[in-house]
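# With the sequence up front, the predicted model follows.
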Amino acid sequence: MCGIVGYVGVRDATPIVYDGLKRLEYRGYDSAGIAVIHKDHIEVRREAGKLDALRDLLSTQPLTGSIGIGHTRWATHGQANQINAHPHLDCTGDLVVIHNGIVENFLELRGDLQAQGHTFRSETDTETIVHLVEQNMRDGLGFEEAARQALGRLQGSQAVVLMNKCQPDRLIAARIGNAGGVTIGLGDGEMFLASDMPAILDYTRKVIFLESRQMAIVLKDGYQIISLDDGERVEASVHTISYDPASAAKGEYRHFMQKEIFEQGRSLTDTIRGRADFERGVIELPEMNLTAQSARAISRIVIAACGTSYHAGLVGRYMIEQLARIPVEVDIASEFRYRNPVIDPTVALLTITQSGETVDTLAAMEQADAAGCPLWTITNVIGSQAHRVSDGAILIHAGPEIGVASTKTFTGSQVDMYMLGLYLAQLRGVLDPVHVRHLVDDLARLPDLIGHMFDRAGEVEHLANEFQRYTNFLFLGRGINYPIALEGALKLKEISYIHAEGYAAGEMKHGPIALIDENMPVVCLAPKDAVYDKMISQIEQAKARNAIVIAVATEGDLAIKRKADHVIYVPPVPPLLLPVVLSIPLQMLAYYIAVRRGADVDQPRNLAKSVTVE
Ligand code: AGP
């Protein structure tokens, strides 16, 4: 999960490439670098650390040139230092490469190249690529064919951009497998390359998404796309993207994560808009490409996802099973792909992936596709790999989510699954229309209820102040809210670096209760639902062991104040929508604790927004 950017045109490349990297910094921020062609040679500036370090270097050692490439790194092979920072040069300094992904056979290739006299400067797998191209050119191949044959030898998933000082009018880009994509931006007398659209959409809305095993030769006035396998030209569709740059700006918020938490009233409105027909009392999901017949043919749904999206999938299982009465399994995608699952064409694979580029999730799609399964996806990124390979999709429509910790796309994914469950119920005829109308109407108030919850942000911030120094937390939930306990723990872990565990509350007596004492705050999700009494007894058991209990409860429940040390209230909503509402206070608690601890909320250490490597 690195960010790559390229430019060829008539303007100075450096500021365009740098600004593009800044918009991709969420993909990785261990080191960064830019290379340009200036007066017939390649100049490179690279620095460990975040992009600001590169900016400072460029201020003292500027780069000028009308063709350039840049990279912001999430380290896989080799320390996060300046030596391993991309771009990487070949032996002669004539060629330079940037790369996202993992060259799985790099050690073998590196050994062969060293035997042919190549010297390596870095520990990275990436540097192997540029020496392979160099060796092919030494053997008499032209730049483009040398690149095509070199890239054809790489195993694993890659996104690669190459530049050659001897052909300063072109860049070569390639995508192999499902690694973070390569988007070509079509400008007027200039062209752009990037891992993700935010890096180039200030300059153009016309984009091409490279498919796997395609290589593009990009000049300022045009492009050519060929197959890596046989070199034949391929045609590509040009997409026009509607995009509001302001929506990706922080505005008056301190962090992107704060903005994205607080805009969930609006983002859920956008998620629901055009899908819930409140007049007719039905859900319409045309982008799922389903008919009553194809919906009835589904025997089972397997949900595969990672991280927060996996937690959304756990919520979705309850929603879809309750609404559509279809059996649902939920897998961590990196587990699904290696467990030889029992699937067949009557089993639908539903992936949930904010980025649409998570390599394990995409691999699960490939595996299910090979078994003939219908591929469904819930994603936030139009044109992402998951979106492109799916048979049916529900876009989250949450707008760009820049904070590495997922928030608005988590609640958006849940609402998408609620609507999918209703839609499947309609198509399969398992719910009478009156019941469907009530369930659709329950959605109508949700965005406003969420919006009003931020009136209580001050209470949560006050709690965060009190709990910022604890080193361990437990989050407990039951039933459809158990996944929210898992998510609350993940949020706290990933942005404040405090150890936290989410547990099914009923599991406590089977071991984890041994952990509880006055140093272990316990967050209990205890809304007024069918298991409320069970959660109350859970709180009593924790209190009996001197725990400090933070309860998340339904407005109006005064009794719980006598049980818990602190209470955060949420508005009453129907049981199937409770997880969406309970997500909000836990997001805010994690955010405010992390801010109090001075953590890097938008770009937590060791993380990146989309995990495009295994
Ligand atoms: C969530 O806060 C994390 N950033 C991470 O767990 C994320 O949900 C996971 O990597 C999956 O990403 P995806 O939704 O883009 O596939």
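Okay, I see it. Only a predicted model underlies this, so the values are computations on that prediction, with no experimental measurement involved.

# Near the ligand, which residues of the stretch 201-350 of the chain are found?
Counting by C-beta under 6 Å from any ligand atom, the stretch 201-350 of the chain comes close to the ligand at 306-309. Using the backbone N, CA and C atoms, a C-beta is placed for each residue, glycine as well.

# Restricted to helices, list the residues you listed.
The helices, defined by DSSP state H, take in 307-309 from these.

# quick one: the helices in the stretch 101-250 of the chain?
Taking DSSP state H, counting those that start in this stretch, the helices of the stretch 101-250 of the chain run over residues 106-115, 126-138, 143-152.

# Going by proximity to the ligand, name the top residue of the stretch 251-400 of the chain.
residue 307 (1.9 Å; C-beta to the nearest ligand atom).

# Surely that residue and residue 490 touch.
Yes - assessed by C-beta atoms under 8 Å, residue 307 is found in contact with residue 490 at 6.8 Å.

# bridging residues for the closest residue in space to residue 470 that isn't next to it in sequence?
Nearest residue to residue 470, sequence neighbours excluded (C-beta to C-beta, 6 or more residues apart in numbering): residue 521, at 5.4 Å. For residue 521, the residues forming beta bridges with it (DSSP bridges) are residue 548.

# separation between residue 521 and the ligand?
Distance of residue 521 to the ligand, computed by C-beta to the nearest ligand atom, to the nearest Å: 21 Å.

# number of nearby residues for that residue?
23 (other C-beta atoms under 10 Å).

# Quick check: closest non-adjacent residue to residue 595.
residue 601 (6.2 Å).

# Equivalent analysis for residue 593, please.
In space, residue 593 is closest to residue 464, 4.5 Å off (C-beta to C-beta, 6+ apart).

# helices or strands next to the helix or strand where that neighbour lies in the packing?
Under the criterion of DSSP states H and E, residue 464 resides in helix 457-467. Using 3 or more C-beta pairs under 8 Å, 6 or more residues apart in numbering; DSSP states H and E, the elements in contact with helix 457-467 are strand 566-570, helix 578-596.

# Would you mind finding the most buried of these?
Of all the helices and strands packed on helix 457-467, helix 578-596 has the most neighbours on average by mean count of other C-beta atoms under 10 Å, namely a mean of 26.

# want to throw the ones in helices among the residues of the stretch 201-350 of the chain next to the ligand into JSON lines with distance to residue 336, neighbour count and pLDDT?
Listed next are these as JSON lines, based on distance: C-beta to C-beta, whole Å; neighbours: other C-beta atoms under 10 Å; pLDDT from 0 to 100:
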{"residue": "307", "distance to residue 336": "14", "neighbour count": "23", "pLDDT": "97"}
{"residue": "308", "distance to residue 336": "17", "neighbour count": "23", "pLDDT": "98"}
{"residue": "309", "distance to residue 336": "13", "neighbour count": "26", "pLDDT": "98"}
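
# Now distance to residue 321 too, for the residues you listed, in a markdown table please.
Output for those, formatted as a markdown table (distance: C-beta to C-beta, whole Å):
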| residue | distance to residue 321 |
| --- | --- |
| 307 | 22 |
| 308 | 21 |
| 309 | 18 |
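
# between those, which is closest to residue 548?
Checking those against residue 548 with C-beta to C-beta, the nearest one is residue 308 at 25.9 Å.

# Next up, the contacts around that closest one.
354, 405-406, 409-410, 487, 490-491 (C-beta atoms under 8 Å, 6 or more residues apart in numbering).

# How about the residues of the stretch 51-200 of the chain by the ligand?
When proximity is defined by C-beta under 6 Å from any ligand atom, the stretch 51-200 of the chain lies next to the ligand nowhere.

# got any ranges where the stretch 51-200 of the chain has weak pLDDT?
Where the stretch 51-200 of the chain drops to pLDDT under 70, the residues are 178-180.

# relative orientation of the helix or strand harbouring residue 414 and helix 578-596 in degrees?
Using DSSP H and E, residue 414 maps to helix 408-428. With axes from the mean of the first three to the mean of the last three C-alpha atoms, to 10 degrees defining the directions, helix 408-428 sits at 170 degrees from helix 578-596.

# okay, which residue of the chain is out on the far edge from center?
Each residue of the chain has a distance to the centre, and by C-alpha atoms, centre = their mean the biggest one is for residue 140: 41.9 Å.

# so who does that residue touch?
So residue 140 contacts nothing (C-beta under 8 Å, 6+ apart).

# again, but for residue 422
Counted by C-beta under 8 Å, 6+ apart, residue 422 has contacts 283, 323-324, 431, 436, 439-440.

# again, only using 6 Å
283, 323, 439 (C-beta atoms under 6 Å, 6 or more residues apart in numbering).

# In this structure, where is pLDDT below threshold?
1, 26-27, 178-180, 243-248, 612-613.

# follow-up on the earlier one: just the CA atoms of the helix holding residue 414, as PDB, please.
C-alpha atoms of helix 408-428 as PDB (Å, rounded to 0.1, in the frame of the first residue of the first chain):
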ATOM      1  CA  LYS A 408     -18.100   6.700   8.000                       C
ATOM      2  CA  THR A 409     -17.500   3.800   5.600                       C
ATOM      3  CA  PHE A 410     -18.100   1.400   8.500                       C
ATOM      4  CA  THR A 411     -21.500   2.800   9.200                       C
ATOM      5  CA  GLY A 412     -22.200   3.200   5.500                       C
ATOM      6  CA  SER A 413     -21.300  -0.500   4.900                       C
ATOM      7  CA  GLN A 414     -23.700  -1.500   7.600                       C
ATOM      8  CA  VAL A 415     -26.600   0.500   6.100                       C
ATOM      9  CA  ASP A 416     -25.700  -1.000   2.700                       C
ATOM     10  CA  MET A 417     -26.100  -4.500   4.100                       C
ATOM     11  CA  TYR A 418     -29.400  -3.600   5.800                       C
ATOM     12  CA  MET A 419     -30.700  -2.400   2.400                       C
ATOM     13  CA  LEU A 420     -29.300  -5.500   0.700                       C
ATOM     14  CA  GLY A 421     -31.100  -7.700   3.200                       C
ATOM     15  CA  LEU A 422     -34.300  -5.900   2.600                       C
ATOM     16  CA  TYR A 423     -33.800  -6.000  -1.200                       C
ATOM     17  CA  LEU A 424     -33.200  -9.800  -1.100                       C
ATOM     18  CA  ALA A 425     -36.200 -10.200   1.100                       C
ATOM     19  CA  GLN A 426     -38.300  -8.300  -1.400                       C
ATOM     20  CA  LEU A 427     -37.000 -10.400  -4.400                       C
ATOM     21  CA  ARG A 428     -37.400 -13.700  -2.600                       C
END
